[in-house]
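*Asks:* Okay, here's the prediction I keep looking at, along with the sequence it came from:
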Amino acid sequence: VNIGEMLSFNTTALTRLDISWNCFKAPGAKGICGGLTYNNTLEDLDLSWNGLDFGCNDIAATLKINGDKELPDTGQDNEDSDFEPKLKGLKKLSLASTRFGPEACLILCDAMRFNMTLETLNLRNNPCGEAGGR
């Protein structure tokens, strides 16, 4: 079982995964993102220092759908309570030093318009440049 498959099973209480410094590159990012599509437990993912410069599209596509899953219905009538459905998905994502350039930063920022759970996105030490910061 690879990491992407493990993440898709949702049979673990895993909430944090640090797989930095593993040289996954774009093909590895694609597999991991495939697993995140189905994952409801992981909240903190560190993919820093993995040379993912060409994996940006897969990560962006995953961010668009990973942060829109609600917790299962408890069956309780919540009309008179202050209950708010809680979204499940990544809350913290580190993509530091992954060689994301300006285009990758723009793609990720566009994806963030659809993600409702991510609270922290670390793009430190990437050559985003002026164009990526606009």
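*Replies:* Nice, I can see it.

*Asks:* hang on, isn't Leu93 packed against Leu121?
*Replies:* Yes - Leu93 is within contact range of Leu121, at 5.4 Å (criterion: C-beta atoms under 8 Å). For glycine as for every other residue, the C-beta is placed from the backbone atoms N, C-alpha and C.

*Asks:* Now do the helices in this structure.
*Replies:* 3-9, 25-36, 56-66, 102-112, 129-132 (DSSP state H).

*Asks:* Next, the angle from the longest one to helix 56-66.
*Replies:* Going by axes from the mean of the first three to the mean of the last three C-alpha atoms, to 10 degrees, helix 25-36 is angled at 10 degrees with respect to helix 56-66.

*Asks:* Can you give me the buried ones in helix 25-36?
*Replies:* Across helix 25-36, burial judged by 16 or more other C-beta atoms under 10 Å covers Lys25, Ala26, Gly28, Ala29, Lys30, Gly31, Ile32, Cys33, Gly34, Gly35, Leu36.

*Asks:* Ser8: which of those residues is nearest?
*Replies:* Gly35 (4.2 Å; C-beta to C-beta).

*Asks:* neighbour count winner among Leu93 and Leu121?
*Replies:* When neighbours are counted by other C-beta atoms under 10 Å, Leu93 and Leu121 differ, and Leu93 comes out ahead with 26 against 16.

*Asks:* any idea how far the more buried one is from Thr62?
*Replies:* To Thr62, Leu93 is 10 Å away according to C-beta to C-beta, to the nearest Å.

*Asks:* Also Asp18?
*Replies:* Asp18 sits 18 Å away from Thr62, going by C-beta to C-beta.

*Asks:* In terms of packing, which of the two has more residues around it?
*Replies:* More neighbours surround Thr62 than the other of Asp18 and Thr62, with 25 against 12 (other C-beta under 10 Å).

*Asks:* tell me which residues in stretch 50-59 are buried?
*Replies:* Asn50, Gly51, Leu52, Asp53, Gly55, Cys56, Asn57, Asp58, Ile59.
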